[in-house]
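# 3D model of this:
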Amino acid sequence: MFFSRYHFKRGYKRLAAFFLDAAGGLLFFGLRRTAPLEIGRLQRVLFIRIDQIGDIALMMPALRAFREKFPQIRLDILTTPEGAALLQQENLPGTILVFENGWFRKTSFWKRWSEALRLTAKLRANHYDAAVDFRGDLRTIVLMALAGIPERVGYGMTGGKFLLTRTGRYWHDLHQVHLNMALLGFFGLESRAVLPEPFQISEDEKKNFWSGSGRGILLKSMPLIVVHTGAGQPEKIWEKHKYRRLVERMLKDRLGHVVLAGTEAERPAFGEIQPGHAHLTDLRGKTSLRELLVLLSAADIFVGGDSGPAHLAAAQGARVVVIFKGPNAPEIWHPWAKKLYGVRHPVPCPACGREKCPRRKQACLETIPARQVYEALLEAWHDTLVEYPLLPPVQPALEEF
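You can find the predicted model right below:
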């Protein structure tokens with residue numbers, strides 16, 4: 001069916017989006033433009049990414065490609081407070097605009113939309129020549145239209161496609177990095193091999209972290225392994241007792257210096273593990289987002305769920321061991337890493353897209369044993385050893401796990 005292309009889990013929402021686009025297409029017939037964009041007339045462009053930190057990381061290759069191709073164009077970014085924190089050292093040729101009460105914040109309808117209307121007035125005053133919505137969100141498309149931006153580029157996967165002046169074909173089996181890059185085709189950027197793009201970190205940030213929260217972490221003498229136990233959605237969190245067993249085994253086998261990252265709220269559930277161990281540092285609840293970037297930039301290996309920090313670790317160049325939640329499609333959403341070690345359990349309901357599993361037992365996560373994750377970790381660890389030629393030989397025995 002035509003309405004199956006829309007990114008809604010419930011059928012009635014997809015049907016509503018289809019009829020909205022059908023009616024809008026009749027009312028705004030002829031709005032879509034087919035002639036190439038006149039790049040020479042573009043002076044100010046807006047990129048919009050109002051969602052999660054992982055989505056910001058997946059946008060970075062497109063952001064860097066646009067800046068390299070068009071250094072003369074002023075490029076502004078509209079994003080969340082977390083996105084602004086990640087981008088603060090990027091030396092952008094424009095401004096970072098912050099949507100404090102964005103679409104995915106837990107706040108009141110009135111508070112969100114009153115800020116959205118104020119943002120609309122600000123965007124209109126900035127006189128943008130073009131804007132790109134990488135998410136394909138109806139609310140963002142309406143924002144661009146109300147702001148009077150003449151060239152509006154995006155996918156419109158939740159409706160509102162008729163308000164876009166240029167819309168690309170959304171390939172459902174294409175990774176998000178490639179989908180983001182595809183939108184830049186309207187600006188004349190050709191498809192090419194895309195590498196992970198790290199977030200920039202100042203020398204002062206590094207110095208402050210390693211002399212503060214990061215003091216005591218052993219560097220250069222052994223691999224640095226960061227373990228992140230949380231996730232934005234509870235359904236993406238692997239069982240705590242398995243994380244505990246995994247970390248205890250890392251320490252027993254002396255694989256490297258292990259750092260626990262996450263929030264203070266995760267500490268009670270996870271508990272203390274061998275406090276005072278020379279090769280373990282617990283930084284849960286002790287790092288800001290910028291400090292986490294510094295830590296991940298030094299990490300050799302990251303271990304954790306399908307979450308924002310996994311995407312950040314990939315962007316910063318770490319080898320990433322990801323425990324994938326079955327309802328997500330790793331082929332489309334996996335961290336854009338130079339080396340990825342994915343762990344997933346096959347289930348009869350893959351990539352269901354549900355935020356909450358209707359089954360009593362979430363088979364896609366709960367059936368992943370600690371040994372399976374440890375095997376992936378060992379593969380990443382062996383790939384790391386070439387950088388540590390003086391490390392004493394270790395022969396982990398999986399049969400004892």
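# quick one: low-confidence ranges for this structure?
Residue ranges of the chain with pLDDT under 70: 1-35, 193, 232, 234, 269-271, 326-328, 345-366, 393-401.
# Now do the domain split for it, please.
Listed domain ranges for the chain are 2-187, 203-400 (source: automatic domain parsing).
# Any chance of TSV for those domains, columns distance to Leu195 and mean neighbour count?
No exception for glycine: its C-beta is placed from N, CA and C like everyone else's. Compiled in TSV, those are given as follows (distance: least, C-beta to C-beta, whole Å; neighbours: other C-beta atoms under 10 Å):
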stretch	distance to Leu195	mean neighbour count
domain 2-187	7	18
domain 203-400	7	18
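# Need those domains in TSV (columns: distance to Pro196).
Converted to TSV, these look like this (distance: least, C-beta to C-beta, whole Å):
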stretch	distance to Pro196
domain 2-187	7
domain 203-400	5
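# Looking at the ones you listed, which is nearest to Glu197?
Ranking the domains of the chain by proximity to Glu197 (C-beta to C-beta) places domain 2-187 first, at 3.9 Å.
# Check the offset of the closest one from the chain's centre.
The chain centroid and the centroid of domain 2-187 are separated by 16 Å under C-alpha atoms, centre = their mean, to the nearest Å.
# Where do the strands of the protein begin and end?
All strands of the chain, identified by DSSP state E, fall at 44-49, 74-79, 96-98, 130-133, 151-154, 166-167, 224-228, 257-261, 280-282, 301-305, 319-323, 340-343.
# List just the one of those strands that sits closest to Glu272.
strand 280-282 (7.7 Å).
# Stretch 209-217 spans what distance, first to last residue?
Terminal residues of stretch 209-217 lie 11 Å apart, using C-alpha to C-alpha, to the nearest Å.
# just so I have it, where are all the helices in this protein?
11-27, 53-69, 81-87, 109-126, 138-146, 176-183, 203-211, 240-252, 266-270, 289-298, 308-315, 330-333, 363-366, 370-384 (DSSP state H).
# For Val194, which of the domains of the chain is the nearest?
In terms of C-beta to C-beta, the element of those nearest to Val194 is domain 2-187, at 4.5 Å.
# ok so, going back, may I see the strands of the chain organised as JSON lines, with distance to Ala62 added?
As requested, those are exported to JSON lines (distance: least, C-beta to C-beta, whole Å):
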{"stretch": "strand 44-49", "distance to Ala62": "8"}
{"stretch": "strand 74-79", "distance to Ala62": "11"}
{"stretch": "strand 96-98", "distance to Ala62": "16"}
{"stretch": "strand 130-133", "distance to Ala62": "8"}
{"stretch": "strand 151-154", "distance to Ala62": "11"}
{"stretch": "strand 166-167", "distance to Ala62": "15"}
{"stretch": "strand 224-228", "distance to Ala62": "25"}
{"stretch": "strand 257-261", "distance to Ala62": "27"}
{"stretch": "strand 280-282", "distance to Ala62": "35"}
{"stretch": "strand 301-305", "distance to Ala62": "23"}
{"stretch": "strand 319-323", "distance to Ala62": "20"}
{"stretch": "strand 340-343", "distance to Ala62": "20"}
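# Of the ones you listed, which is nearest Met181?
Among those, the nearest to Met181 by C-beta to C-beta is strand 130-133 (11.3 Å).
# mind listing what that closest one pairs with, with the direction of each?
strand 44-49 (parallel), strand 151-154 (parallel) (DSSP bridges).
# Other residues contacting it?
The contact list for strand 130-133 (C-beta atoms under 8 Å, 6 or more residues apart in numbering) reads 37, 42, 45-48, 123, 140-141, 144, 147, 149-155, 183-184.
# same question, stretch 105-113
Residues outside stretch 105-113 that contact it (C-beta under 8 Å, 6+ apart): Thr80, Asn101, Gly102, Trp103.
# The same query, at a cut-off of 10 Å, please.
Here stretch 105-113 makes contact (C-beta atoms under 10 Å, 6 or more residues apart in numbering) with Ile50, Thr80, Pro81, Phe99, Glu100, Asn101, Gly102, Trp103, Ser114, Glu115, Arg139.
# and if you look at stretch 208-216?
201-202, 206, 217, 219, 257, 259, 278, 281, 283, 286-288, 290-295, 297-298.
# switch the cut-off to 6 Å
For stretch 208-216, contacts defined as C-beta atoms under 6 Å, 6 or more residues apart in numbering pick out Leu283, Lys286, Thr287, Glu291, Val294.
# With Thr263 as the reference, measure out to the closest residue to the last one other than its chain neighbours.
For Val294, the nearest residue in space outside its immediate sequence neighbours is Phe209; the separation is 4.3 Å by C-beta to C-beta, 6 or more residues apart in numbering. Using C-beta to C-beta, to the nearest Å, we find Phe209 at a distance of 18 Å from Thr263.
# cool, and Val153?
Val153 is 36 Å from Thr263, by C-beta to C-beta.
# Please apply the same query to Leu189.
The spacing between Leu189 and Thr263, counted by C-beta to C-beta, is 38 Å.
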